[in-house]
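**Student:** 3D model of this:
(one chain, ligands or ions: 2)
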Amino acid sequence: MDGSPLRELFTPDQILTAASVSGNNWAVGHHRYGAQYGDHLRNMIRKQAEACDALQSVFLMYSLGGGTGSGLGTRIASLLADEL
Ligand SMILES: Nc1nc2c(ncn2[C@@H]2O[C@H](COP(=O)(O)OP(=O)(O)OP(=O)(O)O)[C@@H](O)[C@H]2O)c(=O)[nH]1
Ligand SMILES: [Mg+2]
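**Tutor:** Ligands and ions are numbered 1, 2, ... in the order given. Predicted coordinates for the structure are as follows:
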């Protein structure tokens with residue numbers, strides 16, 4: 001099996017993986033991958049939110065370094081602010 005055994009904890013269609021990384025570049029993660037995967041991420045978040053009876057909070061963990069962790073992470077925080 002590819003990847004960490006921890007992926008077993010998550011619903012498979014709620015995992016987003018991509019072939020490339022952001023090279024420690026915040027702007028690449030935030031703008032390029034944010035634009036590329038924004039609609040897909042928004043749909044994944046909506047699907048989870050709609051499965052809740054009374055959504056009260058969202059727990060978001062993302063890294064402060066890297067391009068995917070920090071750039072795409074802050075993009076997801078913006079998506080949540082816009083959508084919820
Ligand atoms: N303190 C701490 N720092 C970490 C950890 N994992 C990664 N880092 C640091 O975070 C920075 C970026 O980590 P990456 O894993 O390259 O970031 P990424 O999110 O994969 O981003 P890209 O590779 O650019 O797509 C580096 O300076 C790492 O040393 C961790 O578990 N703890
Ligand atoms: Mg990386």
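**Student:** from now on I want contacts and neighbour counts done on CA atoms only, so please keep to that.
**Tutor:** OK.
**Student:** how close does the most centrally placed residue in the chain get to N43?
**Tutor:** Closest residue to the average C-alpha location of the chain: I76 at 5.5 Å, with CA atoms, centre = their mean. I76 sits 12 Å away from N43, going by CA to CA, to the nearest Å.
**Student:** same check, this time on E50
**Tutor:** E50 is 10 Å from N43, where distance means CA to CA.
**Student:** more crowded one of those two?
**Tutor:** N43 (13 against 10; other CA atoms under 10 Å).
**Student:** low-confidence ranges in this protein?
**Tutor:** Scanning the chain with the threshold set as pLDDT under 70 gives 1-2.
**Student:** could you pull out the strands in this structure for me?
**Tutor:** Using DSSP state E, the chain contains no strands.
**Student:** quick one: name the residues of it near ligand 1.
**Tutor:** 21-25, 65-69 (CA under 6 Å from any ligand atom).
**Student:** who wins on neighbours among the residues you listed?
**Tutor:** Greatest neighbour count in these, by other CA under 10 Å, goes to T68: 26 neighbours.
**Student:** excluding sequence neighbours, find me the nearest residue to that residue.
**Tutor:** Here the nearest residue to T68 in space, its sequence neighbours aside, is G29; by CA to CA, 6 or more residues apart in numbering that works out to 4.6 Å.
**Student:** same question, A49
**Tutor:** Of all residues not flanking A49 in the chain, L55 sits nearest, at 6.6 Å (CA to CA, 6+ apart).
**Student:** pull out the buried residues from the helix ranked longest in the chain.
**Tutor:** In the chain, with assignment by DSSP state H, the single longest helix is helix 34-50. Under the neighbour-count criterion of 16 or more other CA atoms under 10 Å, helix 34-50 has 34, 38, 41, 45, 49 buried.
**Student:** the first one contacts L72, doesn't it?
**Tutor:** Yes: because the distance of 5.8 Å satisfies CA atoms under 8 Å, G34 is recorded as touching L72.
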